[in-house]
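> Just the structure for this:
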Amino acid sequence: MTVREFAEDVGDAVFERLGRAASHMQEESPLPVDVLESDDEYLVVFDAPGATASDVQVNYVDGAVEVRVDRFREFREEFEMVFPGRGLKLDGRAELPADAVVDADEARAELRDNGALYVFLPKDESAGTDVDVTTPEDDEDDE
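Have a look, this model is predicted:
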């Protein structure tokens with residue numbers, strides 16, 4: 001083995017380890033997320049680059065939207081992986097406001113071409129906490 005071949009082997013090994021470290025760091029970092037609110041619903045937007053609809057799982061648990069993305073790398077004939085830097089398992093969680101009441105059964109998710117995952121959660125007005133307020137005088141009027 002020549003010095004040049006040795007240096008290339010060491011360089012390749014270091015490059016691959018850096019790629020795996022970058023991939024691991026990406027898998028440990030939560031997906032970036034925005035939570036928006038309108039009069040009728042909440043919109044939770046996750047960045048899910050490289051995902052397909054079959055890669056994505058969305059759940060509503062304890063007042064939060066949880067997302068799991070299991071991506072796959074495409075096999076490219078005549079190419080070998082040099083730098084595996086993209087994480088394959090990505091997670092995200094977005095807490096809704098503490099007073100949010102949603103109809104999780106009516107929630108829907110859309111994966112856009114740009115890699116953004118939109119999760120729509122309609123507000124549930126029927127589950128509101130509106131309480132009629134009366135005064136003692138109101139009770140006396142009823143008698």
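
> The chain: strands as residue ranges?
Taking DSSP state E as the criterion, the chain carries its strands at 33-37, 41-47, 56-61, 64-70, 89-95, 108-111, 116-122.

> Any idea how many residues pack against Glu125?
Other residues near Glu125 number 10, with proximity taken as other Cβ atoms under 10 Å. Just so you know, the C-beta spots here come from the backbone N, C-alpha and C atoms, and that holds for glycine as well.

> what residues are up against it?
Counting by Cβ atoms under 8 Å, 6 or more residues apart in numbering, Glu125 touches Val101.

> coming back round to it: make CSV from the strands of the chain and add distance to Phe79, mean pLDDT and mean neighbour count to it.
Shown next, in CSV, are these (distance: least, Cβ to Cβ, whole Å; pLDDT from 0 to 100; neighbours: other Cβ atoms under 10 Å):
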stretch, distance to Phe79, mean pLDDT, mean neighbour count
strand 33-37, 33, 95, 14
strand 41-47, 26, 95, 19
strand 56-61, 26, 92, 14
strand 64-70, 22, 91, 18
strand 89-95, 23, 89, 18
strand 108-111, 26, 92, 14
strand 116-122, 28, 94, 19
